[in-house]
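Pasting the sequence and the predicted coordinates here, then a few questions.
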Amino acid sequence: MTLFAGLEQIVKTEVPLASYTWMRIGGPAQYFIEPTTPEQLAEVLRRCRENEVPVRILGGGANLLIDDSGVRGAVVRLAGETFGRVRFTKDGVEAGAAAELHRIVLRSVREGMSGMECLAGIPGSIGGAVRMNAGGAFGDIGNMVESVDLMDSDGVGFTRLRGELVFGYRHTNISAKVILGAQFRLMPDDPRRILNQVKRIWIYKKNTQPLWVRSAGCIFKNPRGLSAGALIDKSGLKGRRTGGAQVSDRHANFIIADPGTRASDVLKLINIIREDVYKRWEVYLELEVEVW
Ligand SMILES: Cc1cc2nc3c(=O)[nH]c(=O)nc-3n(C[C@H](O)[C@H](O)[C@H](O)COP(=O)(O)OP(=O)(O)OC[C@H]3O[C@@H](n4cnc5c(N)ncnc54)[C@H](O)[C@@H]3O)c2cc1C
């Protein structure tokens, strides 16, 4: 592996990606790389750039559909203590990109720091959540971001402050290749009140979303002023199946995947939904889930 000579400890080849995603679908990554320090990451990015190897960043895999044929190039997954760190301060929390969002939500209850509770029930990492501006009816992560630490494709690190960042619906203006970590502003509050809010959101999600099965969350973005789930539901598509993939009976914007489902099943179902919804409502549904 001359391309990554000296980095053999963190680089593996032809690693199946299915188990790194919430859908449990996807073929192998040509190079699967788990840097544990910014220096290692910078070196990996520089080598990929010099050798024209495409790079993708994998977070918790909760918003991804990976093709059955896998991914050519490098899939980088931040790992280790540095990227997984979480530190609460009197003003909020600082977290590495690999830290799990749901753990921070739970810890913010214990710490008596309010803000993150609006993200209860959203799986994935801090990096993925910032990249996607994860959130929903109760609030988005972007509202709390104070600054984000980034690295570009040349391996150069830098920080963007709140005033330079724009967070929209499942979108940010961050164009840097890698989010290394972020600082969030939170407000001190009564832990019981925060816990009650977490519970309220959890109960709402449990009643309206299929949380315990394989999915990638909402498949489509809501068109402006409309609900993608309602359009799919009103098109009579709840329960519609292609191979192992099925439109959820509980929330029509979720596709659930039985064990053994192929990415091609999910993609076929996505096309059926898009065509039916377009025929009936003349609305073209854009993907929220990212397809690799
Ligand atoms: C059951 C379920 C419920 C969900 N509910 C919601 C919800 O209510 N609201 C919501 O917004 N989402 C929801 N989602 C989708 C998903 O949880 C979010 O999009 C989440 O933020 C994805 O984070 P991740 O770490 O899994 O990112 P991944 O899926 O791994 O990646 C998503 C994108 O982020 C990029 N990325 C990841 N980490 C980094 C990094 N360190 N640097 C740069 N780019 C990076 C990836 O390259 C990719 O483009 C749900 C998903 C599931 C399975």
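Great, that's in hand. Numbering: from 1, shown residues only.

Do you have the helices of the stretch 151-292 of the chain handy? List them.
191-208, 228-234, 263-281 (DSSP state H, counting those that start in this stretch).

got the contact list for the residue in the stretch 151-292 of the chain that the ligand sits nearest to?
The nearest approach of the stretch 151-292 of the chain to the ligand comes at Gly217, 2.4 Å away (CB to the nearest ligand atom). The C-beta positions use only the backbone N, C-alpha and C, and glycine is treated the same way. By CB atoms under 8 Å, 6 or more residues apart in numbering, the contact set of Gly217 is 22, 62-63, 122-123, 254, 288-289.

ok, and the most crowded of the residues you listed?
Neighbour tally across those (other CB atoms under 10 Å): the maximum, 26 neighbours, falls on Asn63.

Output those of the contacts of Gly217 also counted as contacts of the ligand.
Filtering the contacts of Gly217 for proximity to the ligand by CB under 6 Å from any ligand atom leaves 22, 62-63, 122-123.

Where does the prediction get shaky in the stretch 1-150 of the chain?
1 (pLDDT under 70).

So which of the helices of the stretch 151-292 of the chain is nearest Pro28?
helix 263-281 (12.7 Å; CB to CB).

I'd like the next helix or strand past the helix or strand where Gln40 lies.
Using DSSP states H and E, Gln40 sits within helix 38-50. Once the chain leaves helix 38-50, the next helix or strand it forms, by DSSP H and E, is strand 55-57.

List the buried residues in that next one.
55-57 (16 or more other CB atoms under 10 Å).

Those residues into TSV, with extra columns for distance to the ligand?
Compiled in TSV, those are given as follows (distance: CB to the nearest ligand atom, whole Å):
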residue	distance to the ligand
Val55	9
Arg56	6
Ile57	4
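
hmm, who's touching stretch 17-28?
Against stretch 17-28 from outside (CB under 8 Å, 6+ apart): 14-16, 29, 32, 58, 60-62, 64-71, 75, 77, 123, 214-217, 257, 259, 261-263, 266, 292.
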